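Peer 1: Got a sequence here, can you model it:
(2 chains)
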Amino acid sequence: MTPVQALDFIRVLPEIVLASCAILVMVAEPFVSARHTAALAWVSLIGIVAAGAGNAWMRRFSGPAFGGSIAADPFASYFVYLLLLAAALTLLGSVRYLETNQVHHGEFYALLLLGTTGACLMVAATELIMIFIGLEISSISTYILAGFRRADKRSNEACLKYFLLGSFATAFLLYGIAFIYGLTGTTNLVQLSEKLSAPGARPPLLWIALILAFVGLGFKVSTVPFHIWTPDVYQGAPAPVTAFLSVAPKAAAFAVILRVFLGGLASAGALVFWLLWISALLTMCLGNLAALWQTNIKRLLAYSAIAHAGYVLVGMAAAKAAGPEAGEGIASVLFYLAAYALMNVAAFILVAHLAGAGERYQEADDCTGLAYQRPGVAACLTLLLVSLSGFPATAGFFAKFYVFRAAIHAHLIGLTLVAVLNSVVAVYYYLRVVVAMYMREGNPRASASPLPWPLGAALALSLVGIFYLGLFPTPFVRLANLAASPLP
Amino acid sequence: MAFLRHIWLIPLLPALGALTQLLAGRRLSNRAVSIVSVGLPGLAFLWALGCFAELLKLAAPTYLTNLYTWLPAGPFRLANGSLAQLNVPVGFQLDPLSAVMLLIVTGVGFVIHVYSIGYMGHEGGYYRFFGYMNLFLFSMLILVLADNYLMMFAGWEGVGLCSYFLIGFYFQRKSAADAGKKAFIVNRIGDAGFLLGVMLITVTFGTLNFQQITEAARSGQFALGNGTLTAICVLLFVGATGKSAQIPLYVWLPDAMEGPTPVSALIHAATMVTAGVYMVARSNALFVLAPKAMLLVAAIGAATALWAASIGLVQNDIKRVLAYSTVSQLGYMFLACGVGAFAAGIFHVMTHAFFKALLFLGAGSVIHALGGEQDMRKMGGLRRKIPITFATFVVGTLAISGIPGFAGFFSKDEILWQAFSSPYGHRLLWFIGWATAGLTAFYMFRLLFMTFAGESRVDAEVAHHLHESPWTMLGPLVVLAVLSVVGGYINWPTERFGHFLEPVFESPFRAAGVQLYGRNDELGLMVLSVAVALAGLGYAWLIYVKRPGLRERLAEPPGILHQILLNKYYVDELYDALFVNRAKNLGNLLAAFDLAVVDGGVNAAGWLTRTSGDLSRFWDKWVIDGLVNVLGFGIKVLSYPVRVIQTGVVQTYAFFIALGVAIFLGYYLVHFRP
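Peer 2: Model (predicted):
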């Protein structure tokens, strides 16, 4: 074990900045009068931007830190940007939401920052214990966030369900990690990879460890059958929290799956591929079919989030199947997650605004005729839904395109066909909301108040991103390829 | 080279206008809306002129610029088994063909935008109108300037969408909303064909780039009459029949007149509907290798020309006459393409853009003067009331009728000559085109006389408010009238226009080594077509101006009048009995039929499409509804377990997670462990 150096701390700079900022916000909270709570939001936003700057600066110092338990590499850096983006958009979307719902407490921002810190640690970790710690930091913060509207029964229910089932699933992960340690004597991914790739060194019970670990991570990304909590929690949690939940922990868990199952445990080829393949198939189909009969927009988007996880898993299965040319599949996953982050956070924070005080109006029918009263808001939601369903010229199109292309190149023709058919089915339920807004007359019950500027800024940023990725995808693809390159 | 290097600005400028109007237009004054949304297309036109000037100075006939790769699709396998790399860029191609289209679109587009200031001034949704018009220009410019089929398709879909928005601009009126839908749906049928054609091109050529495809087609690797190429061409032409309103998909265009008149002028006469002609001309290297597809194009074009013209004979709505006339003229353009005279087709696209835009805008001026009246039976005697509109309208009518000296004469005559003499042509094709020319002259002068000549049949109330249009509307009329005269001299006496386009269209005649007829024969044909046009003119004059009573009497059974006229009008009677009444009856029949089709909705079109309408109704009822029901049932069945699982009870959830683990472990144990 090498002694701790200054360099080690530089390599976790974003996490340090985020955690410090969270502590600052929490300590300052009692001293800030209720009228000025918004100031804490801006402090947090500055913290997020600073963390992003730190992430950019430390690119020069990439390498392992803290005895190989953390790696500052392009892969981690890519995901840290993505997580910070999700956090920033969520934050912009929640300021007015918290005011309207009279739960404007500074702790919200501190928890958001801590949740992001945990997720950042997960994506940078190269050591199973470190991954677990990151996952717990992020989970515990998000458990509390899910129940942030204390007076609301649904929020409480979501919080408890998420907590109980989350702990349950984490136990599987921990059990899997224990198995791995017991079988190989190490929890470090690099050493694990070396040990397992040695000829004849495959421990006989490794498959149990793999499945158990996959359950814990599958819970976070809501793969069928471990998705079961998702609709209830996404619907019950405050909508901006759902926005964060549906992106940050999910992206972080995907990053971990990539690192563990395509990196450290890559040599257990057939089993990992089978796990990814079957999960992709089940997750896509169930997510889309269940979404078809949803009338509640939050629940609809929850199932859509499950379906999107399925498409991501198609990309992962493609990466696994491609063997030494896994780069294309991994890059497609990275691109997909970026597009997904932009679309999904924006969709949920916009729904948070439309649902009004107390989130009373979540049904698609509540948006009836919205296009006539608030054409801008309706157009915005339409663009987001259109992108989620994967229309050309939006980010959603290229996200799907690259994943499907990688799957075709990996000769997963059957899985790709299922995925394409699924994305056709998905158009139906996304457009149902659009139809309600544009083609039916009536007075929308959904909030007709003008968009608050922070939300407007977040939406504008997302839409610019969505169209940038949809019209000029090449530079970003290059970035994703770069981030995917050092993996296996 | 400053203009050419930044050619991307040309579509971008109207796009900026559209963005401004659709995002912030509600808050702008009408004046600000006009300045932005008319100014930007004006700038685009100036930029296009700059590009054109620079293109003429270039040594190469084509300027290509590639902004960036939009769709890096990567390697894939072609139909012949070889591996290809497909990267679709956002790239612009300016060659003589796209340059001509570019100038038409920006030039005529700008003029019509100016006209709209006056025409739409009193309408609600002023900003929305200009937003869509700008968006249309953007899409059309993408279509025209694209250097590959996919980008062209993007523009193609974009213009379709804008057309839908603008036809249904008065969406409170049900007929307008229905017409918009009809246009959109009928176009979709064509678009499916186009898309299939593009896919077939992709797997055949491994690229979508126009230049590369043209080179591959001309390299001689494909035999004349190659089956794949014929299929591609037929599919592309299906797309063209939708967008350019040819048999059997022409039915949407007459209904599209529900939109504001400047829209009819810009989209449904001068630019968008010629996109199909442009696309066929753009693919000329493929079509030349598929003689069967060429014959199909020529036959459909000629048939449409005659068919639509005959319907136009008896219409009473001023805009509907012009709509059928547009369909008919588009038929001429396809006839030209089908006989291999692509340059003549494009020449007619240009002259038609001038005179048909002029006619539509003139009709708009008439409608404006009469406070919205479109029925010609309630017009008449307007020539003294709105003299400038009248004068320009006369020019337009002379031009479309093919009277020598006006633009339409030169282009139409070129097409007829090519239909007669080209190796792809046939005398029958020429004859249909020639007969159509006569009908055209008749219905256009009928329109002119019914509207402007004779006694006024205008309602007293309306007559009181009769006024000439403002200068923002008259100015464009005058400009277009001038163009409708001088436009023809671009290709006469020397064939400047044809030579300019020559690099794009490798002459099919030269390839086939065919000796063309001499110019003396052309002169003979020219005399014939002028004669038929004058005959149409004369006949219209006779029954609408000279003897207005004759029209009614002709419908009566012949009595004493018949005897009195025997010596003098014997020939007329013969013609009436043999041709005109028949033609009129046929026209009536066709018009009635068309009306029935309109009422019947989107599904029926001509006897051919009526069958397909029945088919599609059957399909709707049994297959689509059945599928939907089966799907609904299936989803219900499939969602049942989901519902059962999703109890909301946390213990059940935990149980299912544990069950999932058990199944995964168990499955692996059974299947993967030796």
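Peer 1: Next one: residue B:591, what pLDDT does it get?
Peer 2: Here the pLDDT value assigned to residue B:591 is 56.
Peer 1: Show the contacting residues for residue A:125.
Peer 2: Neighbouring residues of residue A:125 by CB atoms under 8 Å, 6 or more residues apart in numbering or on different chains: A:69, A:70, A:71, A:131, A:133, A:134, A:256, A:259. C-beta here means a position set from N, CA and C on the backbone, and glycine is covered the same way.
Peer 1: who are the neighbours in contact with the second one?
Peer 2: Put plainly, it is residue A:70. Each residue near residue A:70 by CB under 8 Å, 6+ apart is listed here: A:8, A:11, A:12, A:64, A:121, A:124, A:125, A:126, A:127, A:130.
Peer 1: same deal with the first one?
Peer 2: Applying CB under 8 Å, 6+ apart, we find residue A:69 in contact with A:125, A:126, A:127, A:129, A:130, A:188.
Peer 1: and if you look at the third one?
Peer 2: By CB under 8 Å, 6+ apart, the residues touching residue A:71 are A:63, A:64, A:65, A:124, A:125, A:126.
Peer 1: repeat for the last one
Peer 2: With contacts defined as CB under 8 Å, 6+ apart, residue A:259 is in contact with A:75, A:125, A:126, A:131, A:189, A:487.
Peer 1: What of the fifth one?
Peer 2: Under the criterion of CB under 8 Å, 6+ apart, the contact list for residue A:133 reads A:121, A:125.
Peer 1: Likewise for the fourth one?
Peer 2: For residue A:131, the contacting residues are A:122, A:125, A:256, A:259, A:260, taking CB under 8 Å, 6+ apart as the criterion.
Peer 1: Contacts only, for the third one.
Peer 2: What that stands for is residue A:256. Counting by CB under 8 Å, 6+ apart, residue A:256 touches A:122, A:123, A:125, A:131, A:135, A:217.
Peer 1: returning to what we had before: who wins for most neighbours among the contacts of residue A:71?
Peer 2: Within the contacts of residue A:71, residue A:124 tops the neighbour count with 28 neighbours, counted by other CB atoms under 10 Å in any protein chain shown.
Peer 1: doesn't residue A:80 make contact with that residue?
Peer 2: Yes. Judged on CB atoms under 8 Å, residue A:124 makes contact with residue A:80 at a distance of 7.2 Å.
Peer 1: pLDDT-wise, which helix or strand of chain A ranks last?
Peer 2: Ranked by mean pLDDT, DSSP states H and E, the weakest helix or strand in chain A is helix A:370-373, scoring a mean of 84.
Peer 1: which residues touch that one?
Peer 2: Contacts of helix A:370-373 with the rest of the structure, by CB under 8 Å, 6+ apart, involve A:354, A:377-379, A:381, A:436-438, A:441, A:443-444, A:446, A:448.
Peer 1: cool, and stretch A:53-64?
Peer 2: For stretch A:53-64, contacts defined as CB under 8 Å, 6+ apart pick out A:7, A:10-11, A:13-14, A:16-17, A:70-74, A:77, A:80-81, A:84, A:126.
Peer 1: Let's see it as CSV, backbone CA atoms only.
Peer 2: Extracted in CSV, the C-alpha atoms of stretch A:53-64 (Å, rounded to 0.1, in the frame of the first residue of the first chain):
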residue,chain,number,x,y,z
ALA,A,53,-14.3,22.7,-13.5
GLY,A,54,-12.3,20.4,-11.1
ASN,A,55,-13.2,17.5,-13.3
ALA,A,56,-11.9,19.3,-16.4
TRP,A,57,-8.8,20.4,-14.6
MET,A,58,-7.8,17.0,-13.2
ARG,A,59,-7.7,15.5,-16.7
ARG,A,60,-4.0,16.2,-16.6
PHE,A,61,-3.5,14.1,-13.6
SER,A,62,-5.3,10.9,-14.6
GLY,A,63,-4.4,7.7,-13.0
PRO,A,64,-5.2,5.5,-10.0
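Peer 1: Thank you, goodbye.
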